[in-house]
Structures are given as C-alpha cells and as structure tokens.
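**Student:** When you get a sec, could you give me coordinates for this:
(4 chains)
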Number of protein chains: 2
Amino acid sequence: MNKAFKALADPNRRKMLQLLNDKDLTAGEIADYFEISKPSISHHLNILTNAELVLREKKGQNVIYSINTTAFQQIIKWTFDFMERGDGSEEE
Amino acid sequence: MNKAFKALADPNRRKMLQLLNDKDLTAGEIADYFEISKPSISHHLNILTNAELVLREKKGQNVIYSINTTAFQQIIKWTFDFMERGDGSEEE
DNA sequence: TAAATAATTAGACAATTATCTAAATGTCTA
DNA sequence: TAGACATTTAGATAATTGTCTAATTATTTA
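**Tutor:** Numbering: from 1, shown residues only, chains lettered A, B, ... in the order given. Below you'll find the model as predicted:
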C-alpha cells in the first residue's frame, strides 16, 4: 500500500496510468508520450510495477504494460474509509 | 491534485489523516501519537494543509486540525475513473 | 551470424524531502 | 507582566528521488 501511494506521487507516473487505462501499451509506446529519456520511462514503469499498479508481460522484443485494477480497488477502499464516519453521523 | 498525491505518499501523514478521521485534534495531540519531533509534525501538518487534505483553525493557544472531506472526494473520483473503462467493456 | 531494434541496468548528479536542534511567535494565567 | 505552554519558523544535514548518458541484454531479421 505504501509503495502504491509513493508511486502515485509522481505526475509522470499518474499520466502513464491514465494512458494505460485507455489501452495496453509497450514501453516504447508509452515513452512516445513523454519528453523524458527511455531509461527514465523504464525507471517509472519499474516503480509502477513494483507497486503492483501495472502488470508487465514480455512479448517478443516488446514489454507490454497494463493497468492492474485490483490495486486501484484497494486505494478506493482506503480512501472511502474517510468518507464514512464510524458512527454514521453526517453532522459537523 | 498533485499536492494531495504527494502529501499522501508519506506514511506518517496518512496516519495523521486516519487519526483526524476519528476526531479533530490539536497539533500537540497529534504529536503524541508519533515518535518524531514537534517541528517535524508541524512540517507534515503544513504539507497536509497546503494539499487541502486537512483544515486548520486556531483556537487560543492551540491549533485544531480536521479532515477536509472534499479533497478525499476528489481523490476518489480520480481513482474511480480507472474502474470504469470508457467503452463499458469488462473483457480482458 | 551480424546488424537493428526494444528495453533495461549501471552509475552519476541535482533537486527534493524528512528529520533534527535552536530560536521565535503567540497565548494564557499566576 | 513574567513565566509557562503550544506551535511554528529557521537553518542544517542525511536520505530519497528523478533525471541523464553510456553500456548491457534480449530478440528479430536480413
């Protein structure tokens, strides 16, 4: 959980997640959307993978990345707990 | 939004949010739950306030902190967009 | 099998961050 | 008003992070 939150702290990584949410992409395709170098892209993808926010699959020469929806469900759950006060009160 | 995600990246700050979710607390009361120095607590509270995740209110000698639920709703919204694929497809 | 392509690893560096101690500010009360 | 208390500000330092270039690994294909 901590890794996921740390991973989400970077805007480039959040953008990667949004791209992957639209469709699966190879590392190279992801890199095309950014100004930064490919090693930097690789570094960010590694952090996202370690945080289990994305899944990687090697296919020939390419590495295909995809969103891991399970991780997002956990984050939603965590965040949701702040919306539901323990006693059900809606008062200030 | 970026500030909020950065603020959430730190475990101490997430713990502060969880404490404040239970009830409003002064800076000193918050400090009692942590091992780190008061200036460090103050630093973290400042980051949370800047990210608009918490609200601060001076009351006499004390500063009372409380959760800003609006900010959490935005984070939920952001996260939720990953759960709903644009075309409504559930396929892999 | 040599060259081209895709991606990662290694290592360096600058910027950011979390922490500390010491000092300052603001408020209360004896 | 002097002292105590609550909190923040200032400034230093060590650790972490994001970025780069150069080199490496793995795969495809001419």
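**Student:** Please count neighbours and contacts with C-alpha atoms only from this point.
**Tutor:** OK.
**Student:** where does chain A come near chain B, residue by residue?
**Tutor:** Within chain A, the positions near chain B by Cα under 8 Å from any Cα of the partner chain are A:2, A:5-11, A:18, A:21-22, A:69, A:72-73, A:75-76, A:79-80, A:82-83, A:85-86.
**Student:** which among those residues end up buried?
**Tutor:** By neighbour count, with 16 or more other Cα atoms under 10 Å in any protein chain shown, the residues of chain A next to chain B hold A:5-10, A:21, A:69, A:72, A:75-76, A:79, A:82 as buried.
**Student:** What is the neighbour count of the closest residue to DNA strand D within chain A?
**Tutor:** When Cα to the nearest atom of the strand is the measure, chain A has its nearest residue to DNA strand D at A:G60, with 3.0 Å between them. Other residues within reach of A:G60, judged by other Cα atoms under 10 Å in any protein chain shown, total 7.
**Student:** What pLDDT is listed against it?
**Tutor:** We note a pLDDT of 96 for A:G60 in this prediction.
**Student:** Relative to DNA strand C, how far out is it?
**Tutor:** Here the distance between A:G60 and DNA strand C works out to 8 Å (Cα to the nearest atom of the strand, to the nearest Å).
**Student:** Tell me the spacing between that residue and A:S37.
**Tutor:** Taken as Cα to Cα, to the nearest Å, the spacing of A:G60 relative to A:S37 amounts to 22 Å.
**Student:** Lowest average confidence across helices and strands of chain A, where is it?
**Tutor:** The helix or strand of chain A with the lowest confidence, counting by mean pLDDT, DSSP states H and E, is helix A:69-80 at a mean of 81.
**Student:** and A:G28, which of the three is it?
**Tutor:** Three states are possible here, and by DSSP: H, G, I helix; E, B strand; the rest coil the one that applies to A:G28 is helix.
**Student:** which ones are touching it?
**Tutor:** A:K38 (Cα atoms under 8 Å, 6 or more residues apart in numbering or on different chains).
**Student:** Show me what from chain A comes close to DNA strand D.
**Tutor:** For chain A, the residues found near DNA strand D under the criterion Cα under 7 Å from any atom of the strand are A:6-7, A:9-10, A:12, A:35-40, A:43-44, A:59-61.
**Student:** and these, which of them are in strands?
**Tutor:** Judged by DSSP state E, the subset of the residues of chain A next to DNA strand D located in strands is A:K59.
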